[in-house]
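[1] pasting the structure only:
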């Protein structure tokens with residue numbers, strides 16, 4: 001987990017800090033290269049991996065939920081795989097609200113249990129960099145705002161591995177508008193890539209539409225959440241950012257409640273952040289429920305169907 005994202009990660013030009021950190025990035029690249037020699041376990045059921053190379057805030061979990069609904073309607077009896085980390089309990093709880101989640105510290109163990117329980121498709125939330133199992137379909141998620149940041153691997157930049165790693169992907173999903181330049185960049189490394197674009201829809205707009213809102217978030221890219229609220233014509237009068245997967249202290253929330261009361265505003269957060277709140281605060285805070293909407297939905301699901 002990254003406590004806070006360095007601002008230089010998203011600059012389009014390289015900073016002196018990025019260059020100074022580059023020797024450490026070479027170590028990350030070395031480990032990434034060596035991990036490719038790990039033996040991969042093969043499975044008879046479709047394994048769909050929804051991953052990223054930009055660390056955090058690319059929309060993996062909403063896409064997994066969307067895939068689950070599609071596969072369930074197809075009577076494929078899907079289930080989720082999410083590697084267990086204590087700080088990812090919020091994402092695991094969101095997945096559990098939809099369907100069965102297998103969350104071991106080892107993804108192969110989770111997939112084995114999933115199959116033993118009779119599930120016919122595994123939806124792996126994250127795991128693009130995990131070579132311990134074969135994937136039938138690799139989906140990579142991006143956000144148009146952050147895109148690939150400065151294009152460098154951590155800690156010089158926000159990438160988990162080189163951009164050339166898109167050669168393992170079958171499909172690119174971008175939260176945003178169609179962009180030929182972005183497509184051309186990735187096609188240089190993988191000419192067979194399929195591109196789809198998606199947006200978010202707020203499902204519970206009616207409970208907050210007439211309120212003044214003070215919003216807070218501890219997710220990968222909080223600015224994207226605040227932008228979504230404003231694009232939906234919500235009256236956002238103030239915002240507060242916290243680090244990704246932040247464990248809120250009582251004093252944090254009490255301060256936010258005081259601010260919202262002084263402004264006569266509704267305190268609003270994301271669904272992920274809401275799951276991490278102490279129960280005593282949940283009645284005082286509203287949260288946004290969203291769903292991912294592929295822009296060419298029929299074409300996207302036809303593509304998914306071809307792999308199952």
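    Received it, and whenever you're ready, just let me know what you need. Computed from a predicted structure; not experimentally measured.
[2] wait, residue 288 touches residue 204, no?
    Yes - here residue 288 lies in contact with residue 204, judged by C-beta atoms under 8 Å, at a distance of 6.8 Å. For every residue, glycine as well, the C-beta is placed using N, CA and C.
[3] which one of the two has more residues nearby?
    For residue 288 versus residue 204, neighbours defined as other C-beta atoms under 10 Å are more numerous around residue 288 (25 against 13).
[4] run through the bridge partners of that one.
    For residue 288, the residues forming beta bridges with it (DSSP bridges) are residue 270.
[5] which residues touch it?
    Taking C-beta atoms under 8 Å, 6 or more residues apart in numbering as the criterion, residue 288 is in contact with 202, 204, 208, 225, 228-229, 268-271.
[6] quick check: PyMOL command selecting the buried ones in these.
    This is the PyMOL syntax for the buried subset of the contacts of residue 288, where burial follows 16 or more other C-beta atoms under 10 Å:
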select buried, resi 202+208+225+228+229+268+269+270+271
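[7] minimum pLDDT in the contacts of residue 288, which residue is that?
    Sorting the contacts of residue 288 by confidence puts residue 208 at the bottom, with a pLDDT of 80.
[8] what sits against that residue?
    234, 266, 268, 286, 288 are the contacts of residue 208 under C-beta under 8 Å, 6+ apart.
[9] can I get those in JSON lines with secondary structure?
    As requested, the contacts of residue 208 are arranged in JSON lines below (DSSP: H, G, I helix; E, B strand; the rest coil):
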{"residue": "234", "secondary structure": "coil"}
{"residue": "266", "secondary structure": "strand"}
{"residue": "268", "secondary structure": "strand"}
{"residue": "286", "secondary structure": "strand"}
{"residue": "288", "secondary structure": "strand"}
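[10] nearest to residue 52, of those?
    Proximity of these to residue 52, judged by C-beta to C-beta, is greatest for residue 288, which lies at 21.4 Å.
[11] all helices for this protein, in order.
    In order along the chain, the chain carries the following helices (DSSP state H): 16-35, 60-73, 89-96, 107-116, 180-187, 222-231, 250-262, 271-275, 297-305.
[12] what residues are up against residue 61?
    Residue 61 makes contact with 91, 94-95, 125, 272, according to C-beta under 8 Å, 6+ apart.
[13] and the furthest pair within those?
    Pairwise distances across the contacts of residue 61 peak at 12.4 Å for 125 and 272 (criterion: C-beta to C-beta).
[14] ok, residue 306 to residue 248 distance?
    Applying C-beta to C-beta, to the nearest Å, the value for residue 306 to residue 248 is 43 Å.
[15] what about these two, which has more around it?
    More crowded of residue 306 and residue 248, by other C-beta under 10 Å: residue 248, with 17 against 9.
[16] isn't the more buried one up against residue 254?
    No - Residue 248 lies out of contact with residue 254 (C-beta under 8 Å); the separation is 10.2 Å.
[17] what's next to the helix or strand of the chain with the lowest mean pLDDT, contact-wise?
    Taking mean pLDDT, DSSP states H and E as the measure, the helix or strand of the chain with the lowest value is helix 89-96, at a mean of 91. Residues outside helix 89-96 that contact it (C-beta under 8 Å, 6+ apart) are 61, 64-65, 80, 82, 84, 101, 103, 125, 245, 271-273, 275-276.
[18] of these, buried ones?
    61, 64-65, 80, 82, 101, 103, 125, 245, 271-273, 275-276.
[19] residue 142: which of those is nearest?
    Out of those, the one with the shortest distance to residue 142 is residue 61. That distance is 14.6 Å, counting by C-beta to C-beta.
[20] pLDDT score for that closest one?
    95.
[21] any weak-confidence spans in the stretch 1-150 of the chain?
    Low-confidence segments of the stretch 1-150 of the chain, defined by pLDDT under 70: 1-4.
[22] domains of the chain?
    The record, using automatic domain parsing to delimit domains, assigns the chain the ranges 47-200+293-305, 204-288.
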